[in-house]
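**Q** sequence first, then the predicted structure, then my questions.
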Amino acid sequence: MTLTTLDIASISAGGDGVARHDGLVVFTPRTAPGDRVVAEVSVQGRVGRGRLVRVEREGSVRIPARCAHYEAPDRCGGCQWQHVDIAAQRDAKRAMLRDAFQRIGKREIPLPAMHAGEPWRYRRSLTLAMRKRASGEWYAGLRAFDDPEDVFELEDCLITAEPVLAGWREVMAAAVHLPDEPRLRGTVRVIQDRPHFVLEGGKEWSELSAFLDAVPTLAAVWWQAEGKRRRLVADRRPANEPGASFAQVNPEMAEALHAVVVQRVMAHAPQRVIDAFSGAGDTAAAIAAQGVRVVAIEADEDATAYAATRLATRLANGSRAIAARVEDVLPAHLPADVVILNPPRSGVDAKVTAALLKSPPKAIIYVSCDPATLARDVSRLPGWAVQHIECYDLFPQTAHVETLCELRPESP
Ligand SMILES: C[S@@+](CC[C@H](N)C(=O)[O-])C[C@H]1O[C@@H](n2cnc3c(N)ncnc32)[C@H](O)[C@@H]1O
C-alpha cells in the first residue's frame, strides 16, 4: 500500500472516481471529477483500488454532503454521490450509459436525455440491518461503504420519505418483541400511505402477537424465517392491495417511466404484447385495459398472482399472467407485436435474445437498471437498431440509473 496523488478524471459505472496512475486505472470511492486527492492505493490484478486519505484540491462539481451519516465515522454505503453536485451526477449517468454501449455493446448511441424528479426524500422503501447489542437493546442501520460488517445506527436518511422513517421508528419501538437473534434484516415500504414491514431472519417468533399489538399503524407484516419462504403474518390492508415486495422505490419517477413505456408500446398499434419480467403487472394491466392481448411473465408467484387479478377482466382476449422464468417460456408465447423486457440487474438470459432473433416482434421495449447488462443484451441482437434511448434518475445520490431503450429491426 502506498500513498499516491491522483487526479480524478471521471466517474466509473460503480460510482468511484477514476484516475490513471503509473499505467494503472485506479478506482477511488468518494472522489469526484476534477479532484486532486491523496489515496492509499493497492493493486488488485490489473486495476488499482484507492482509499481516500485527503482531498488536496476540490473539483468544480464537488459539494459538501448533506447527510451527517455520509462522512466518517459512519461512512454510509447507501449513497455514493452526495459529494457530487446533482447536475454532474446526472451527466455522469448519461455518459455511463453511452460508455457501456461503446465498450460492451460496440455501438455508438447519442448522449441520452435524462428525466429527473426530486433528489431527496424520494425513497418509499428502506431496508436496514437490525442488530442486538450485548445489553439486549436493538438498533437498525446501514453499512459503511468500505466495511459491510460495520453497521451504524441510522438517525435519518435524507433520500427516504418521512412516512417510511416513521414506520421504522414504530418497528424499533417494538423491537423487544422481535425474534431472539443477534442479527435480523427488515424493510419498511409505504404503499398507499401506509407502512408495511418485511422481517428476514430468525427461526422462532414467540412474541409475534405482542409485536403486532405494538405496531398498530403497520398495514401488513411479512416474515421470511431463516431458510423459509416469506409469509404474511399480519394483514390489515384493504382487499386486493399489492404485497410489500412489489412497491416501487421511487413511485413518482417509476410512474413517469411506466407511462412512456405504455405510450411507446401503443404507438405500434399492437394486438399481442408480451410483458416479460412483469412484476405485479403495472404495465401489463395498463396495456390490457386498452384492449390489447397481454401475456405477463414473471418468476415471483405472489407478484404473478396479483398481476393475474388485474388481468382477470381481460381473460376473454387471452390476456394472462404466467408464473415462470422468461427464458423457459418466452419461445412458446412468441410471436408478439411488441415485447417488453424489464429484467433485474443481471439482464436477460441469452436464450431470451435468441428467441427474439428467431421470432422477431415489431419492437422491443427494454427497461434496464444496469447499463452494462443492457449493452451486453443489445449486442446479442444483431440486426436490431436502437430507435430511442433515455435515462430516468430513479435513485438520485446513488450511481444507479434506469434506462428505457426501444429497439426495432434495422431496415433491410
Ligand atoms: C426490475 S423488476 C421489474 C418489475 C416490473 N416490470 C415493474 O415495472 O415493476 C424485475 C422482475 O423480474 C422478476 N424476475 C427475475 N428473474 C426472472 C426470470 N428469470 N424470469 C421471470 N421473472 C424474473 C423479478 O421477480 C422482478 O419482479
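**A** Received, thanks.
**Q** for the rest of this, base every contact and every neighbour count on C-alpha atoms.
**A** OK.
**Q** what's the first-to-last distance across stretch 372-392?
**A** End-to-end distance for stretch 372-392, by Cα to Cα, to the nearest Å: 16 Å.
**Q** and the ligand, is that stretch touching that?
**A** No. Residues of stretch 372-392 are not located near the ligand by Cα under 6 Å from any ligand atom, the shortest gap being 12.3 Å.
**Q** what is the mean pLDDT for that stretch?
**A** For stretch 372-392, mean pLDDT is 97.
**Q** chain center to that stretch, what's the gap?
**A** 19 Å (Cα atoms, centre = their mean, to the nearest Å).
**Q** what lies in contact with that stretch?
**A** 94, 97, 100-101, 104-107, 109, 112-116, 253, 257, 345-348, 350, 353-354, 357, 368, 401-410 (Cα atoms under 8 Å, 6 or more residues apart in numbering).
**Q** ok, now which ones touch A214?
**A** A214 makes contact with A174, according to Cα under 8 Å, 6+ apart.
**Q** that one and the ligand, how far apart?
**A** From A214 across to the ligand, the span is 31 Å (Cα to the nearest ligand atom, to the nearest Å).
**Q** before we move on, what about R51?
**A** 32 Å.
**Q** name the helices or strands packed onto the stretch of helix or strand that residue belongs to?
**A** Assigned by DSSP states H and E, R51 belongs to strand 47-57. On a contact count with 3 or more Cα pairs under 8 Å, 6 or more residues apart in numbering; DSSP states H and E, strand 47-57 meets strand 24-28, strand 36-44.
**Q** filtering the contacts of stretch 372-392 by proximity to the ligand, which remain?
**A** When Cα under 6 Å from any ligand atom is taken as the criterion, no member of the contacts of stretch 372-392 contacts the ligand.
**Q** give the buried residues for the longest helix along the chain.
**A** Taking DSSP state H as the criterion, the chain has its longest helix at helix 86-103. Neighbour-count burial for helix 86-103 flags 86, 88-90, 92-101 (criterion: 16 or more other Cα atoms under 10 Å).
**Q** what do you get for stretch 285-295?
**A** Residues of stretch 285-295 classed as buried: 285-288, 292-295 (neighbour count, 16+ other Cα under 10 Å).
**Q** how about the residues of the stretch 201-350 of the chain by the ligand?
**A** Neighbours of the ligand within the stretch 201-350 of the chain, by Cα under 6 Å from any ligand atom: 277-279, 297-300, 324-326, 342-344.
**Q** just the buried members of the residues you listed?
**A** Judged by 16+ other Cα under 10 Å, buried ones among these: 277-279, 297-300, 324, 326, 342-343.
**Q** with adjacent residues omitted, what lies nearest to G281?
**A** Closest residue to G281 apart from its sequence neighbours, by Cα to Cα, 6 or more residues apart in numbering: A307 at 4.5 Å.
**Q** ah, wrong one, I meant V188
**A** Once flanking residues are discounted, V188 sits nearest to F197: 4.6 Å by Cα to Cα, 6+ apart.
**Q** ditto for Q224
**A** Distances taken as Cα to Cα, 6+ apart place R230 nearest to Q224, at 3.9 Å, with adjacent residues excluded.
**Q** next, count neighbours for that neighbour.
**A** A count of nearby residues for R230, using other Cα atoms under 10 Å, gives 14.
**Q** how about stretch 149-162, which residues are buried there?
**A** Neighbour-count burial for stretch 149-162, with 16+ other Cα under 10 Å as criterion, is recorded at 151-154, 157-162.
**Q** that one: how far from the chain's middle?
**A** Here the centre of stretch 149-162 is set off from its chain's centre by 18 Å, with Cα atoms, centre = their mean.
**Q** what's it in contact with?
**A** By Cα under 8 Å, 6+ apart, stretch 149-162 touches 66-67, 69, 74, 119-126, 129, 139-144, 165, 397.
**Q** OK, contacts around the residue nearest to V188?
**A** Neighbours of F197 in contact, by Cα under 8 Å, 6+ apart: 167, 186-189, 218, 220-222, 244.
**Q** secondary structure and pLDDT added to these, as CSV?
**A** Shown next, in CSV, are the contacts of F197 (DSSP: H, G, I helix; E, B strand; the rest coil; pLDDT from 0 to 100):
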residue, secondary structure, pLDDT
G167, helix, 98
G186, strand, 98
T187, strand, 97
V188, strand, 97
R189, strand, 95
L218, coil, 96
A220, strand, 93
V221, strand, 96
W222, strand, 94
A244, helix, 55
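**Q** and those, which is closest to D35?
**A** T187 (36.1 Å; Cα to Cα).
**Q** apart from its chain neighbours, what residue comes closest to the closest one?
**A** With sequence-adjacent residues excluded and distances taken as Cα to Cα, 6+ apart, T187 is closest to T127, at 4.1 Å.
**Q** which helix or which strand is home to the one you found?
**A** T127 belongs to strand 125-132 when assigned by DSSP H and E.
**Q** which residues touch the residue in the stretch 201-350 of the chain positioned nearest to the ligand?
**A** The stretch 201-350 of the chain approaches the ligand most closely through R325 (3.3 Å), counting by Cα to the nearest ligand atom. By Cα under 8 Å, 6+ apart, the contact set of R325 is 297-299.
**Q** domain ranges for this structure, per the record?
**A** As given by automatic domain parsing, the domain ranges for the chain are 1-61, 98-117+250-409, 125-246.
**Q** how far does the longest one sit from the chain's center?
**A** Here the centre of domain 98-117+250-409 is set off from its chain's centre by 15 Å, with Cα atoms, centre = their mean.
**Q** fine by me, we can end here.
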